[in-house]
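Novice: Sequence and predicted structure are below.
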Amino acid sequence: MDEVWKNLWEAFRENDDFFKIEQLVDDLQLIFFGLHSLMDFSSTIQEIEQVVTNMRNEQELASILQSLGQRLEHQEEAHAEILKGNLVCCTSSKKYFISIKARPRTLDRAVEAPANETILSGPRNSFTEDLSINLGLMRKELVTKDLIVNSFLIGEEHKKEVTLLYVKKKASKKLVESITEHLRNKKKSNLETMQDLMKLLGISTWTLIPKFRITELPHEASQALTKGKVVFIIDRIPFALVLPSQLSDMFFSENDRNFLSPMTLMLRCLRVIGIFVAVLAPGLYIALVSVNPEVLRIELALSIAQSREGVPYPALLEVLLMLLVLELIIEASVRLPKSIGPTITMVGGIILGQAAVDAKLVSNLLIIVLAATMIANSTVIGFQNSISIRLFKYIFVFLASIYGILGIFAGLFIICSYLSNIRTFDIPYIPLKGEQGDVI
Amino acid sequence: MAKNLQVPILYFLLHLGLIFFMYPRNIIESTESSHWIPIFVAVASHFILLILYLKGLSYFPGQSVISIFTEAGKVYSFLFLLPLFFYFFIVLVVSVRAYSEIIIIIFLSNTPLWCVMALLLLISAYLASLGIRSIFRAAMLYALLFIPSILFVLVFSLQNVDWYYLLPIWSNKFQFLTHPSYFKSFLAVGGGYLFIGFVQPALSFRNKDILLAALCVAPFFFISVYIPILTFGQETASTMMFPFAVATDAVNINWLAFDRITVFFLLCSITFLMLFLTMAIFTTAKILNHYIPSIHFQYSIVTTVILTFIFCIFIPNWSELEEIFRWSSLWNLYVFFTTPLLLLFLGLRTKKKGEKSFD
């Protein structure tokens, strides 16, 4: 009888959190296996004992145990169950294992308010790392039988559970089918990051615009579902991935609709202006200072020239230097522990605000322009989008330094062309109303 | 047929890109008074050509000009598709060279010419390489972004207008019809409509929408000539190289931080011109690809761009360019007039054949 569980023992023997406990329930010998780190053994065993007391017959015991969990025929299944945190048990005479749902240790945080997407009005729940909690949140948010949840186990060495959510009548059949096909075909590849998922779905990772919209808010995800998009929830990833992302995701949030209509309009307009300022301001500064000063009113041009007096290098270098410092500050404030974070803000403020101007390294105006850029950059919804915007402004900076205002327009031309070409599963990034009737 | 706004919008933008630079000068050069008569003749012929062309195309639903001429036989393909190719190529060379010169004259006096030419060509080629659907989508974005500022400047450019310059309204002199400058002005009149033949089968459109777009373009032919005329008068305007640009330059808006709003206006129209270049590159490369199908479409775009750039480099100065322009305008006229007529002829022929076989 030893052989049945010997292999199991061998597989996990090196782990100190693995246990094998033999227990006599009345006259019957039961052997339990599991991982201390994932389950609360003592309370689990108490629950089992309550059920199996006064059980004389071994046959009866086995069937009762099976009703608590499930019967496992293969060794590999037993391994997987142990790694999931379940209790695996075998009796002395039977040739199979039974896995029993154990009481898990609390390893997940509770549902909390979102950390990265602050909302003023609207539901405050946010996703956590646990897949089932996230699914529950979605089900609570979207109470309809049309919400379909498809699960996939993906990965070779360690399996990861991915769920695909969509609303039956809203999502396009073609989209759902092609996604499902991709996920079925590549069951063996690893799935740890966004990039892995993109590769799984056959989307190139070399794009400047996020193909997924990432959100921490079940409310946003459910609203996206009702608009015919699909949502991925991956185990251990505390946000939902909405596919496909669209341009409007940058400045339209569902929570805006909790304000009055004029306010919604104003907020959205502000974000659109914000994007334009964030992308264009540094380039416009270079163009107006170094290439086309005659465009400005003469008084304005003179005062700008005055503020640059004594700055030893060309406008391009000046802007690039300060942009570099700014980007470093942003990166540093993400990296630093919360207690040291304010220091960086203070030091950055001193360097940028006064010292650099006093030392005649950069002009006053540039500080204003860059501050405006950074503030405007943060009005964009979603950190992913804000990184894209951060990148786009460099196209304008370089083109403006060569071609002036023409460069700015050339940059707009390039970016519009780029955006109009982006498609995810043949759904365009910028949906245009007049486009219906395309023959594909 | 499905409602599709992209094609009419692109049609509108292409013409806006062509109208505001050379067209006013050519018209002002070609006649001394009553400019509306030559413009009217031009607009009328624009409509006639467009209607004939659309009619011709409607006989071949879902087919591009390339496939229509190829099916018609080798002779037609040689007589009409090849001239079309050379037309697009020459227009490409001339407009890249001319507009780079204009850009340098108006706002980039220190930048070398090849640098601007390279920018125009590369950006347009990039968009062309993304394919026809992307071109049309992008056109809609440009329309959203830039049309407001164009309208803004146009409204404000009425500031310095003196309505007496409208007179005399009628003149009996029709010698503009033989003036070489008038032929040159036909680039703006007929330059845009040929592209419609290359849109199918990728996109569909309604003829009514295209005609509506042409109707929207028509006032701009008049505005672009009459704003400089009404601002400066014929005598002064005829001495200027780019009368419209100078006229908008004279506009002064007190409450704006910018002194030269022209720059924004001209750049908006240059963006539309880049769309024109994009379409020109796209069609040239498409025809090239048709004749040499072994090379990939992207490579035929690269070839087109490199050839254009080399030809542009070899045009030494503006007067030389004018010479080429004058020489090519006759070629353009040939293409403008024969293509729609032939298309109509082929259409009627296939229709007859179809009826006969049906009988």
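Specialist: In hand now; what should we look at? Residues are numbered from 1 along each chain as shown, chains lettered A, B, ... in the order given.

Novice: Centre of the chain to the helix or strand containing A:Val176, how far?
Specialist: Using DSSP states H and E, A:Val176 maps to helix A:173-185. In terms of CA atoms, centre = their mean, to the nearest Å, the centre of helix A:173-185 is found 21 Å from the chain centre.

Novice: Would you mind pulling up the elements that it packs against?
Specialist: Applying 3 or more CB pairs under 8 Å, 6 or more residues apart in numbering or on different chains; DSSP states H and E, we find helix A:173-185 packed against strand A:147-154, strand A:160-167, strand A:230-234. Every C-beta, even on glycine, is put in place using the N, C-alpha and C of the backbone.

Novice: how about those in JSON lines, adding distance to chain B, mean pLDDT and mean neighbour count?
Specialist: Shown next, in JSON lines, are the helices and strands packed on helix A:173-185 (distance: least, CB to the nearest CB, whole Å; pLDDT from 0 to 100; neighbours: other CB atoms under 10 Å in any protein chain shown):
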{"stretch": "strand A:147-154", "distance to chain B": "31", "mean pLDDT": "90", "mean neighbour count": "16"}
{"stretch": "strand A:160-167", "distance to chain B": "26", "mean pLDDT": "91", "mean neighbour count": "20"}
{"stretch": "strand A:230-234", "distance to chain B": "23", "mean pLDDT": "92", "mean neighbour count": "25"}
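
Novice: Let me have these in a markdown table, extended by distance to A:Leu326.
Specialist: What follows is these, written out as a markdown table (distance: least, CB to CB, whole Å):
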| stretch | distance to A:Leu326 |
| --- | --- |
| strand A:147-154 | 39 |
| strand A:160-167 | 37 |
| strand A:230-234 | 33 |
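
Novice: for those strands, which one sits closest to A:Leu38?
Specialist: Each of the helices and strands packed on helix A:173-185 was scored for nearness to A:Leu38 using CB to CB, and the closest is strand A:160-167 (15.7 Å).

Novice: CA atoms only: put the helix or strand that A:Ala372 is a member of into CSV for me.
Specialist: In this structure, A:Ala372 is located in helix A:364-377 according to DSSP H and E. C-alpha atoms of helix A:364-377 as CSV (Å, rounded to 0.1, in the frame of the first residue of the first chain):
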residue,chain,number,x,y,z
ASN,A,364,12.3,81.1,-16.6
LEU,A,365,9.9,80.4,-19.3
LEU,A,366,11.0,76.9,-19.8
ILE,A,367,10.3,76.1,-16.2
ILE,A,368,6.8,77.3,-16.6
VAL,A,369,6.3,75.4,-19.9
LEU,A,370,7.7,72.2,-18.4
ALA,A,371,5.6,72.5,-15.2
ALA,A,372,2.5,73.0,-17.3
THR,A,373,3.5,69.9,-19.4
MET,A,374,3.9,67.7,-16.4
ILE,A,375,0.7,68.9,-14.8
ALA,A,376,-1.2,68.4,-18.1
ASN,A,377,0.3,65.0,-18.5
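
Novice: which residue ranges form the strands in the chain?
Specialist: In the absence of a named chain, chain A is used. Taking DSSP state E, the strands of chain A run over residues A:18-25, A:28-35, A:69-72, A:87-91, A:97-100, A:147-154, A:160-167, A:213-215, A:230-234, A:240-243, A:423-424, A:427-428.

Novice: that's the wrong chain, I meant chain B
Specialist: For chain B, applying DSSP E gives no strands.

Novice: How far does the longest helix anywhere in it sit from its chain's centre?
Specialist: Using DSSP state H, we find that the single longest helix of chain B is helix B:318-358. Centre-to-centre, helix B:318-358 and its host chain are 16 Å apart (CA atoms, centre = their mean).

Novice: for stretch A:112-123, same thing?
Specialist: For stretch A:112-123 - counting by CA atoms, centre = their mean - the centre lies 15 Å from the chain centre.

Novice: and stretch B:63-82, does that touch chain A?
Specialist: No. For stretch B:63-82 and chain A, the contact criterion (CB under 8 Å from any CB of the partner chain) is not met; the two come no nearer than 12.1 Å.

Novice: now that stretch: mean pLDDT?
Specialist: What stretch B:63-82 shows for mean pLDDT is 82.

Novice: For that stretch, which outside residues touch it?
Specialist: With CB atoms under 8 Å, 6 or more residues apart in numbering or on different chains as the test, stretch B:63-82 has contacts from B:57, B:60, B:84, B:194, B:197-201, B:286-287, B:290, B:338-339, B:342-343, B:346.

Novice: which residues of the stretch 51-200 of chain B fall in helices?
Specialist: B:65-72, B:74-76, B:82-106, B:113-129, B:132-156, B:180-184, B:186-190 (DSSP state H, counting those that start in this stretch).

Novice: could you dump those helices to CSV with distance to A:Ser378 and mean neighbour count?
Specialist: What follows is those, written out as CSV (distance: least, CB to CB, whole Å; neighbours: other CB atoms under 10 Å in any protein chain shown):
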stretch, distance to A:Ser378, mean neighbour count
helix B:65-72, 50, 20
helix B:74-76, 61, 11
helix B:82-106, 36, 21
helix B:113-129, 30, 20
helix B:132-156, 23, 19
helix B:180-184, 52, 20
helix B:186-190, 45, 24
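
Novice: With distance to B:Pro8 as extra columns, can I get those helices in JSON lines?
Specialist: Converted to JSON lines, the helices of the stretch 51-200 of chain B look like this (distance: least, CB to CB, whole Å):
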{"stretch": "helix B:65-72", "distance to B:Pro8": "18"}
{"stretch": "helix B:74-76", "distance to B:Pro8": "29"}
{"stretch": "helix B:82-106", "distance to B:Pro8": "21"}
{"stretch": "helix B:113-129", "distance to B:Pro8": "19"}
{"stretch": "helix B:132-156", "distance to B:Pro8": "10"}
{"stretch": "helix B:180-184", "distance to B:Pro8": "27"}
{"stretch": "helix B:186-190", "distance to B:Pro8": "18"}
